[in-house]
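Visitor: Structure of the sequence below:
(one chain, ligands or ions: 1)
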Amino acid sequence: MKQKILLVYTGGTIGMVRDKEKNTLVPFNFDGLLKAIPELKSEELDLENISIKNPIDSSNMHPNIWVEIAEIIENNYANYDGFVILHGTDTMAYTASAFSFMLENLNKAVIFTGSQIPIGSRRSDAKENLITAVEIAASRKVSEVCIYFEDQLYKANRTVKVNTEHFEAFESPNYPVLAEAGVNIKYKSVLQKKQNKELVVHKNCSDDVAILKLFPGIKLATIEAILNSAKGIVIESFGAGNASTDPEFTSLLSQGIQQAKIIMNISQCLHGEAVRGQYETNEPFEKAGVICGKDMTTEAAITKLMFLLGQEIGNDKIKQLFQTDLRGEVSK
Ligand code: ASP
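Guide: Residues are numbered from 1 along each chain as shown. A predicted model of the protein is given here:
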């Protein structure tokens with residue numbers, strides 16, 4: 001039986017051309033993209049495409065555009081076997097992480113891909129990324145949100161962009177890859193199992209969030225300003241979840257919690273996790289009642305916070321869900 005795949009074009013380097021006047025890369029018409037890859041046509045595949053209204057460089061990504069893309073998936077969900085989202089690499093890990101929360105009970109593949117070099121260029125990585133992403137979406141083996149890039153299929157909410165120069169632009173530091181593409185595509189046992197539930201698309205994402213990255217010497221006034229700027233704050237702390245033991249820092253955190261803010265702690269380190277109580281320097285968070293985000297990526301933590309704050313649920317529920325593994329984003 002023919003597999004029906006919908007390609008959703010959102011912009012990114014993959015579909016860009018050089019603007020001769022400005023000498024910068026800008027998004028171009030998606031039809032040109034498909035003409036550039038005739039190999040995508042196959043007897044077993046029914047491939048259709050759709051584009052968001054205004055394709056963008058993904059550095060211009062915004063939760064409103066997440067909703068536009070999510071609605072494309074929602075409106076076409078029953079008619080396709082899988083979805084491939086063409087997206088710029090810069091914020092792909094954020095969008096893909098957000099989608100893992102926005103699309104609940106997903107039973108089909110939603111594969112994000114893009115490229116480091118535009119498709120029209122001779123050494124482009126776009127062709128391979130796109131062709132294999134489509135093949136994976138059509139395989140019926142995947143029923144979750146993923147990123148496919150340079151031979152690796154990653155769990156969306158475990159992925160980070162780590163390289164601007166190499167073709168291996170992404171990594172999933174605390175989670176095994178879901179599949180590897182060589183001569184054959186080898187799917188791993190960590191793939192999420194299919195479940196027979198109705199898809200629920202969550203469209204409310206709060207932007208009342210901030211990220212506070214600590215560094216030695218950061219001014220208390222800076223910390224205070226960031227904590228005051230939003231309802232939900234992700235703190236990127238040192239090493240295994242540590243921070244200065246300055247009582248004024250702890251007091252700022254406590255004040256934030258008293259003001260009903262949701263504050264959570266993750267590590268600046270790519271590998272490993274924030275843990276509770278290993279060092280004295282973990283105490284500021286413990287004393288103030290900050291949630292420990294363990295091995296969540298920054299991308300997963302901030303989008304999970306946006307997702308949870310967007311739901312009509314109280315603080316206690318948000319805190320409880322934050323510490324619960326909802327879509328495989330955090331290790332047990
Ligand atoms: N700036 C581009 C984007 O994220 C980079 C890329 O696609 O690789 O849209």
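
Visitor: When you work out contacts or count neighbours from here on, use the C-alpha atoms and nothing else.
Guide: Fine.

Visitor: For T245, give its distance to V290.
Guide: Counting by C-alpha to C-alpha, to the nearest Å, the separation of T245 from V290 is 14 Å.

Visitor: Look at these two and report which has more neighbours.
Guide: Taking T245 and V290 together and counting by other C-alpha atoms under 10 Å, V290 has the greater number of neighbours (23 against 14).

Visitor: The residue of the stretch 201-332 of the chain found nearest the ligand: what secondary structure?
Guide: Evaluated by C-alpha to the nearest ligand atom, the stretch 201-332 of the chain has E299 as its residue closest to the ligand, separated by 14.7 Å. Judged by DSSP: H, G, I helix; E, B strand; the rest coil, the three-state class of E299 is helix.

Visitor: show me what contacts the nearest residue to it once chain neighbours are set aside?
Guide: Nearest-residue entry for E299: Y94, 5.0 Å, with adjacent residues in sequence omitted and distances by C-alpha to C-alpha, 6 or more residues apart in numbering. If you count contacts by C-alpha atoms under 8 Å, 6 or more residues apart in numbering, Y94 has them with 299-300, 303.

Visitor: got the residues of the stretch 51-200 of the chain near the ligand?
Guide: Within the stretch 51-200 of the chain, the positions lying close to the ligand (C-alpha under 6 Å from any ligand atom) are 57-59, 88-91, 115-116.

Visitor: before we move on, back to that, now flag whichever of the contacts of Y94 is closest to D325.
Guide: Nearest to D325 among those is A300, at 11.4 Å by C-alpha to C-alpha.

Visitor: and that closest one, how many neighbours does it have?
Guide: For A300, the number of neighbouring residues by other C-alpha under 10 Å comes to 27.

Visitor: in a helix, that's where I136 is, yeah?
Guide: Yes - secondary structure assignment places I136 in a helix (three-state DSSP).

Visitor: Surely it and V142 touch.
Guide: Yes - counting by C-alpha atoms under 8 Å, I136 touches V142, with 7.3 Å between them.

Visitor: which neighbours do these two share?
Guide: If you check I136 and V142 against C-alpha under 8 Å, 6+ apart, the residues they both contact are A109.

Visitor: just to revisit the earlier point, mind putting the contacts of Y94 in TSV, distance to N105 included?
Guide: Conversion of those to TSV gives the following (distance: C-alpha to C-alpha, whole Å):
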residue	distance to N105
E299	21
A300	18
T303	18
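
Visitor: Pipe these into a markdown table and attach pLDDT per row.
Guide: As requested, the contacts of Y94 are arranged in a markdown table below (pLDDT from 0 to 100):
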| residue | pLDDT |
| --- | --- |
| E299 | 98 |
| A300 | 98 |
| T303 | 98 |
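
Visitor: so how far is F170 from whichever residue of the stretch 101-250 of the chain sits closest to the ligand?
Guide: Shortest the stretch 101-250 of the chain-to-the ligand distance, computed as C-alpha to the nearest ligand atom: residue-wise this is Q116, at 4.6 Å. When distances are taken as C-alpha to C-alpha, Q116 and F170 turn out to be 11 Å apart.

Visitor: sorry, back to before: what's the helix or strand for the residue nearest to E299?
Guide: Assignment of secondary structure by DSSP states H and E places Y94 within helix 92-102.

Visitor: now swap in L191 and tell me
Guide: Secondary structure here is read from DSSP H and E; on that basis L191 sits in neither a helix nor a strand.

Visitor: can you tell me how far the residue nearest to it when sequence neighbours are not counted sits from V142?
Guide: The shortest distance from L191 to any residue that is not its chain neighbour, by C-alpha to C-alpha, 6+ apart, is 5.7 Å, and that residue is L178. L178 sits 9 Å away from V142, going by C-alpha to C-alpha.

Visitor: So which of the two has more stuff around it?
Guide: V142 (24 against 21).

Visitor: Where do the helices of the protein begin and end?
Guide: Assigned by DSSP state H, the chain shows helices spanning 30-35, 63-76, 92-102, 126-137, 220-228, 247-258, 283-288, 298-310, 315-322.

Visitor: who's in contact with the nearest residue to P27 once chain neighbours are set aside?
Guide: Take P27 and drop its neighbours on the chain: the residue closest to it by C-alpha to C-alpha, 6+ apart is M16, 4.3 Å away. Applying C-alpha under 8 Å, 6+ apart, one finds that M16 lies in contact with 25-28, 118-119.

Visitor: got a list of what the residue lying closest to T303 once chain neighbours are set aside touches?
Guide: Here the nearest residue to T303 in space, its sequence neighbours aside, is A98; by C-alpha to C-alpha, 6+ apart that works out to 5.1 Å. Contact analysis of A98 by C-alpha under 8 Å, 6+ apart lists 157, 300, 303-304, 307.

Visitor: ok, A98 to T91 distance?
Guide: Distance, A98 to T91, by C-alpha to C-alpha: 11 Å.

Visitor: Kindly report the same for S115.
Guide: 12 Å.
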